[in-house]
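Colleague: heads up, no residue letters with this:
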């Protein structure tokens, strides 16, 4: 499942999706979450839980900080 387990390589979700050639749907399938998680995180959604974002970080190879509020990251 995880493409880049524990080795973030990209700064943002958008950059990772482009580089990996993944659609929101394909990324969500690999992470095991709904497509809307990917869409919302790409758009800057604030996190309330860490389970899914950690899996997204691992699959896409982006640091968890890239998924945080843009004022924090």
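Modeller: Happy to help now that I have it. Keep in mind the model is a prediction, meaning the values are calculated, not measured.
Colleague: going forward, measure contacts and count neighbours with C-alpha atoms only.
Modeller: Noted.
Colleague: list the contacts for residue 50?
Modeller: The contact partners of residue 50, by C-alpha atoms under 8 Å, 6 or more residues apart in numbering, come to none.
Colleague: which helices and strands does the worst-scoring helix or strand of the chain on mean pLDDT pack with?
Modeller: When each helix and strand of the chain is scored by mean pLDDT, DSSP states H and E, helix 51-60 comes last, with a mean of 83. The contact analysis (3 or more C-alpha pairs under 8 Å, 6 or more residues apart in numbering; DSSP states H and E) places helix 51-60 against helix 13-20, helix 24-31.
Colleague: what is the mean pLDDT for the first one?
Modeller: For helix 13-20, the mean pLDDT works out to 88.
Colleague: Residues touching it, excluding its own?
Modeller: 9-10, 23-24, 27, 38, 41-42, 60-62, 66-67.
Colleague: just those now: which is nearest residue 52?
Modeller: Relative to residue 52, the closest of the contacts of helix 13-20 is residue 38; by C-alpha to C-alpha it sits at 9.8 Å.
Colleague: Rebuild the helices and strands packed on helix 51-60 as CSV, extending it with mean neighbour count and distance to residue 50.
Modeller: Listed next are these as CSV, based on neighbours: other C-alpha atoms under 10 Å; distance: least, C-alpha to C-alpha, whole Å:
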stretch, mean neighbour count, distance to residue 50
helix 13-20, 17, 15
helix 24-31, 18, 13
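Colleague: Name the nearest of the contacts of helix 13-20 relative to residue 51.
Modeller: Using C-alpha to C-alpha, these come closest to residue 51 at residue 67, 12.2 Å.
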